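Student: Provided below are the primary sequence and the corresponding predicted coordinates.
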Amino acid sequence: MKLLAISDLHVGFPANRRALAEMSPHPDDWLILGGDLGETEDHLAYVLDTLERRFARLIWVPGNHELWTLPHTGMARGEDKYLRLVDVCRRRGVVTPEDPYVTWPGADGHRVIAPLFLLYDYTFCPDHVPAEQALAWARDAGGDCADEHLLHADPYRSKAAWCEARCEATSARLTATVAEQPHPLVLINHFPLRRDLAAMPRSPAFSIWCGTRRTHDWHLRFRADAVVFGHLHMRQTRVIDGVRFEEVSFGYPGQRHRSRTADSYLRQIAPAIPAPC
C-alpha cells in the first residue's frame, strides 16, 4: 500500500488526457491530486472518473487553474466556483480541504492526510518590496499571470483577503488536529508553503503568485512528515528541517520527456523512499 502524488495534469491538453487515460491501475494505493487538473468542472470530473477506478482513494486540493472563470462561459466565480468543485469531488467520494482529515494506515506508521486550500497573497516578493506594491514590481520586471484576469476572489475584497481567511481557519484546524492526533501529518497544498521553494530563475517575478509567508513554518508547527505541492512545474524533493517537500507536477506536454508515461511521474510520498525527478 502506497501513498502517491501528482499535480498539474492540465487535461485541457489532448496529450495530457491521453497520458492520463493510459495510467496503470493501483488498486491498493491512495493518490493525492495536487491541483491544476484543468480549468472546468468537466475537466475535474474527467480526471476523477478516470482515476477513481484505478486507486483505492483520491485526495484533491484546488490549484489556481481550477479556480479560473473563463470568459463568456457563465462559470461561477471565486468561492462559489471552489465550492462547486468541492461538490464534484464529494459526489465521487474524493477527500477535499472541506472534509474531515483522513488517516493513512501505512505499514511504516499512520499519517494524517491534510489537504489544504490557502491561495496566495503576493508576499513571495523581495524583502524590500511591500506586498501592496508586489504586483507593480512583478509587472515592471516583466512578470504577469493569467490569474489577474481569470481568478476572482468573490465575495472577498481581494485574493489576499481570501488567502488570509483560508490561512486563519486552516491554522486553527491544524492546531486542533495536532493536539488530538499522535500521528504526523502530510500537508498538501497546490502552492508551496515557503518562499525559498518558489525561486524560479527564468521568471523570478512569478513568485508573487506562488504562496504566502504566513505558512513559512507550518511544516514544524504542524508536525509534518511530508509537504506535497505543485504549481511550479519544477519537480523536486527538498529536505528542510528534516521534513520532505515534494513538488509533484506533471506539467504541460512540452515540459515532459516524450518517452515517459504518467505512471513514471507519480511520486511516492509514503512509505518514504528517494524518488527520481
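Tutor: Structure's in. What do you need?
Student: could you say what helices and strands the helix or strand containing residue 29 packs with?
Tutor: In this structure, residue 29 is located in strand 26-33 according to DSSP states H and E. On a contact count with 3 or more Cβ pairs under 8 Å, 6 or more residues apart in numbering; DSSP states H and E, strand 26-33 meets strand 3-6, helix 41-51, strand 55-60, strand 109-115. Yep, even glycine has a C-beta here, placed from its N, CA and C like the rest.
Student: List the contacts of residue 88.
Tutor: Each residue near residue 88 by Cβ atoms under 8 Å, 6 or more residues apart in numbering is listed here: 41, 44-45, 48.
Student: what about it, which helix or strand?
Tutor: Per DSSP H and E: helix 78-90 holds residue 88.
Student: If you count neighbours, what's buried in that helix?
Tutor: The neighbour-count check on helix 78-90 (16 or more other Cβ atoms under 10 Å) flags 78-79, 81-82, 85-86, 88-89 as buried.
Student: Beyond it, next helix or strand please.
Tutor: Counting by DSSP H and E, the next helix or strand C-terminal to helix 78-90 is strand 102-106.
Student: quick check: angle from that following strand to strand 109-115?
Tutor: Going by axes from the mean of the first three to the mean of the last three Cα atoms, to 10 degrees, strand 102-106 is angled at 150 degrees with respect to strand 109-115.
Student: Okay, now the sheet partners of strand 102-106, with direction.
Tutor: Within its sheet, and counting by DSSP bridges, strand 102-106 is paired with strand 109-115 (antiparallel).
Student: Which residue is the nearest non-sequential neighbour of the residue nearest the centre of the chain?
Tutor: In the chain, the centroid-proximal residue (Cα atoms, centre = their mean) is residue 190; its distance is 1.7 Å. Nearest-residue entry for residue 190: residue 35, 3.2 Å, with adjacent residues in sequence omitted and distances by Cβ to Cβ, 6 or more residues apart in numbering.
Student: Okay, buried residues for the helix or strand of the chain with the lowest mean pLDDT please.
Tutor: Lowest on mean pLDDT, DSSP states H and E among the helices and strands of the chain sits helix 134-140, with a mean of 91. Residues 134-135, 137-138 are the ones in helix 134-140 that count as buried (16+ other Cβ under 10 Å).
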